[in-house]
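>>> structural data only, the sequence is not supplied:
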């Protein structure tokens, strides 16, 4: 990325900052691991993690991270080594994350629901040499292992940190999914690696060293690794703490329902809690009933989430049986927040729920509404301290008038170095030192921003991005499919869901159930279309490009009852 001279920018949003939030902050020039060391030194007896009733203190968390780091060091992990972590929210995920960073390595977070095809691409693209993985996922890993060049694998189970009665019950419940496996050479159990002599001393990483490869989708359908430095992650943590100014550090707990492989959960839950020496209540899988029980039992103060989470809780049949009054602060991200959901949640809890905005390329948070001051419905709020934002014409790059739509550009200390091994895409995503989000937004005269449209054709389902081209490429690989086009259609719960339009090859037939099964084998569950419509042809322009917008317009007309569609499945 070529950084042009920094151009001045007007900041009308500063006039609407809460008085307690400064326009600029101090960011310590330390690796992210310094926050864990400080928490253990100053608040070692404070609870860091609650997991199925078991508590882990900050002193224990650091000690375990140091021992795992010692074991990983013996396996060849050091400065610059890329270590993939394929775990749900559990103590091992936090320990592994900080252990790799203590050695100066780079963490590569992996979605545990990935199919072999998706996992293979990410591991090869990142050049990961080590993988820490849940035993329940071993079948997927074993399928790709010969092609991805992994040197060492560390296998763990959720039961390792459960109290004994729960652990026994868990093993009985999942014994069919966790058979006795002879893992073979190059595979070690977590307990073996984590029993090593501890790695001592500060991390060799510097503020500008690469801490994380956070993979996200791309317009081509291939996921890209966002290069986030220690400085990026430290900055977003400090910004989060400043925005949540009413919450006393260390005296609050957070529900960790957002997955840590998603950068929002990583920052807003894991890293924020470590910075403030607060407690994180870890949830390996979101279940509304379990969340209600955890809130009532542990009285958390913070609940970062996605709109679908709040919707699911509000519609739970046993909602009235639970006391959720401990919740004070919720920042909703990853998808637009419906106003009625915001109002119902605040009436239920007595706390505050506001919408924010971010992207993996910015660690991820760049905007949020003030929690206890002026907020605006339908808005993503104000740029955070030391974060600039502009609205420009997507083609010319010129600023558009206030109140007019254009592409949202951001810059700040949380913005990534660039995409891993993609210099051409870096040239496209950065414009004169600004990160092009690709989202169409509007800024009002007071500096509040509103997202007008999602970039290009991305589908946002339950906060996760689905790139139609990736789904289409999987469909194109099916022997009976000639053409395919995927669009997003409205969904009352998920916001959007993918729908596929398919043209079969002449003389070919395929049962819908077989096609759904094929998709499930090659895509993560949230990417699989819930509807498939077979057509004789797809609308195209004169050069043969499928007109996705025309399909959207037809779908809108059909749903309004103006037209009918044949052969839906």
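Perfect, I can see it now. These figures come from a predicted structure and were not determined experimentally.

>>> low-confidence stretches in the stretch 401-550 of the chain?
Applying pLDDT under 70 to the stretch 401-550 of the chain flags the ranges 453-456, 541-545.

>>> the strands in it, which residues?
When assigned using DSSP state E, counting those that start in this stretch, the strands of the stretch 401-550 of the chain occupy the ranges 406-411, 418-419, 430-431, 434-443, 449-453, 459-461, 464-466, 481-491, 495-504, 531-534.

>>> what about residue 120, which SS state?
Classification of residue 120 using DSSP: H, G, I helix; E, B strand; the rest coil returns helix.

>>> pick the most deeply packed of the strands of the stretch 401-550 of the chain.
strand 406-411 (a mean of 24; mean count of other Cβ atoms under 10 Å). (Glycine included, C-beta is placed from N, CA and C.)

>>> I'd like to know which elements that strand is packed against.
strand 388-392, strand 434-443 (3 or more Cβ pairs under 8 Å, 6 or more residues apart in numbering; DSSP states H and E).

>>> need the ones you listed in a markdown table (columns: distance to residue 277).
Shown next, in a markdown table, are the helices and strands packed on strand 406-411 (distance: least, Cβ to Cβ, whole Å):
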| stretch | distance to residue 277 |
| --- | --- |
| strand 388-392 | 31 |
| strand 434-443 | 31 |
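
>>> out of these, which comes closest to residue 226?
Nearest to residue 226, of all these, is strand 434-443, at 10.4 Å by Cβ to Cβ.

>>> now that closest one and strand 449-453, what's the angle there?
Strand 434-443 and strand 449-453 are oriented at 90 degrees to each other (axes from the mean of the first three to the mean of the last three Cα atoms, to 10 degrees).

>>> what's the distance between stretch 437-446 and the middle of its chain?
From the chain centre to the centre of stretch 437-446 is a distance of 22 Å (Cα atoms, centre = their mean, to the nearest Å).

>>> in CSV: the strands of the stretch 401-550 of the chain, plus distance to residue 80.
CSV is the format used below for the strands of the stretch 401-550 of the chain (distance: least, Cβ to Cβ, whole Å):
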stretch, distance to residue 80
strand 406-411, 27
strand 418-419, 17
strand 430-431, 24
strand 434-443, 25
strand 449-453, 37
strand 459-461, 34
strand 464-466, 28
strand 481-491, 38
strand 495-504, 37
strand 531-534, 45
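
>>> immediately after the helix or strand of the chain with the lowest mean pLDDT, which helix or strand?
When the helices and strands of the chain are scored by mean pLDDT, DSSP states H and E, helix 164-173 comes last with a mean of 60. Using DSSP states H and E, the helix or strand that follows helix 164-173 in sequence is strand 187-189.

>>> could you measure the residue of the chain most remote from its centre against residue 72, distance?
Distance to the chain centre peaks in the chain at residue 507, reaching 42.7 Å (criterion: Cα atoms, centre = their mean). Using Cβ to Cβ, to the nearest Å, we find residue 507 at a distance of 56 Å from residue 72.

>>> do the same with residue 526
Going from residue 526 to residue 72 by Cβ to Cβ gives 31 Å.

>>> list the buried residues in the host helix or strand of residue 65.
For residue 65, the host element (DSSP H and E) is helix 58-74. Buried residues in helix 58-74, counted by 16 or more other Cβ atoms under 10 Å: 58-62, 64-73.

>>> the helix or strand just after that helix to helix 58-74, inter-axis angle?
With elements assigned by DSSP H and E, the helix or strand that comes after helix 58-74 is strand 82-86. On the basis of the same axes, to 10 degrees, strand 82-86 is oriented at 130 degrees to helix 58-74.
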